[in-house]
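A.B. asks: Need coordinates for the below:
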Amino acid sequence: MASGGRGQKKIARRGLMLVLSSPSGAGKTTLSRMLLKADPKIELSVSVTTRPQRRGEVDGHDYHFVDRARFAALVKAGRLLEWAKVFDHRYGTPRRPVEQALQAGRDVLFDIDWQGTQQLSEKARDDLVSVFILPPSVKELERRLRRRAQDSHDIIGSRMAKAADEMSHWPEYDYVVVNRDKDEAFAAVKAILAAERLKRERQIGLSGFVRALQAKL
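C.D. replies: Residues are numbered from 1 along each chain as shown. Reported below is the predicted structural model:
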């Protein structure tokens, strides 16, 4: 029987699309940032949006900021994988960079809402892993929104009013994580990602790897 070694090439894998969704303030953006910092094998899908650029945001890094006419042109040309209207602004995912990443075996992280997730599911269900982040309580959700100090009192009220509708979509997701503690929630998201990367159907080089093993027996 031939002996093995550590020099064996890695098994080729198709990348996956990891979606984190939640009501505003429940923690999806914080968890996304933690994951991107900790895992070099995943990259953020940078959305296109018509909303105004906030202080500290960088065009092309946080979002691609465009006007409504440009956004409509991208939709018409089929250059967005998904798009949705949220609080009078439009958000969408550029198609080409995501498809290139998946083909190269890189994972792509999405910080999007349930509308965008539904569209991704319709177009690329086999590549999609969806996680819904829930707050531990309504009181904590409101506290987190106010602590961010990014939005006016009226906008915070609108986000709280919309939270019930957003949370009603939790059964549409593959996984649900209650964000009581960000480190515990982060550990759960990492465990989900690790398991999904090992799914047989995503390891596209597995057949060849096994044949090579068998040939040496």
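A.B. asks: Quick check: which ranges of this protein have low pLDDT?
C.D. replies: Per-residue confidence of the chain (counting by pLDDT under 70) places the weak regions at 1-8, 142, 144-158, 161.
A.B. asks: can you map out the helices along it?
C.D. replies: Assignment of helices within the chain using DSSP state H yields the ranges 28-38, 68-76, 95-103, 114-124, 138-148, 153-167, 182-197, 206-215.
A.B. asks: and the second one, what other elements does it pack with?
C.D. replies: In other words, helix 68-76. strand 48-49, strand 80-86, strand 89-94 (3 or more C-beta pairs under 8 Å, 6 or more residues apart in numbering; DSSP states H and E). Bear in mind the C-beta positions are built from the backbone N, C-alpha and C, glycine included.
A.B. asks: Let me see the contact set for the nearest residue to residue 131 once chain neighbours are set aside.
C.D. replies: On the basis of C-beta to C-beta, 6 or more residues apart in numbering, the spatially nearest residue to residue 131 that is not a chain neighbour turns out to be residue 175, at 4.6 Å. In this structure, residue 175 makes contact with 129-132, 188, 192, judged by C-beta atoms under 8 Å, 6 or more residues apart in numbering.
A.B. asks: now residue 179
C.D. replies: Counting by C-beta under 8 Å, 6+ apart, residue 179 has contacts 22, 26-27, 31, 133-136, 185.
A.B. asks: Could you pick out the buried ones from those residues?
C.D. replies: A residue is treated as buried here by neighbour count (16 or more other C-beta atoms under 10 Å); on that basis the buried members of these are 22, 26-27, 31, 133-135, 185.
A.B. asks: picking up where we left off before, now flag whichever of the contacts of residue 175 is closest to residue 57.
C.D. replies: Of all the contacts of residue 175, the one with the least separation from residue 57 (C-beta to C-beta) is residue 131, at 24.1 Å.
A.B. asks: Just want to check the distance between the spatially most central residue of the chain and residue 73.
C.D. replies: A centroid search over the chain (C-alpha atoms, centre = their mean) returns residue 110, at 2.2 Å, as the residue closest to the centre. Distance, residue 110 to residue 73, by C-beta to C-beta, to the nearest Å: 22 Å.
A.B. asks: For the nearest residue to residue 59 once chain neighbours are set aside, which residues count as its bridge partners?
C.D. replies: Closest residue in space to residue 59, ignoring its immediate chain neighbours: residue 65 at 5.2 Å, by C-beta to C-beta, 6+ apart. Per DSSP bridges, the residues bridged to residue 65 are residue 49.
A.B. asks: In this structure residue 65 contacts residue 54, no?
C.D. replies: No: using C-beta atoms under 8 Å, residue 65 makes no contact with residue 54, being 10.0 Å away.
A.B. asks: what's the distance between the residue nearest to residue 59 and residue 85?
C.D. replies: Relative to residue 85, residue 65 is positioned 16 Å away (criterion: C-beta to C-beta).
A.B. asks: Name the residue in the two with the higher neighbour count.
C.D. replies: Set side by side, residue 65 and residue 85 show unequal neighbour counts under other C-beta atoms under 10 Å, the larger going to residue 65 at 17 against 10.
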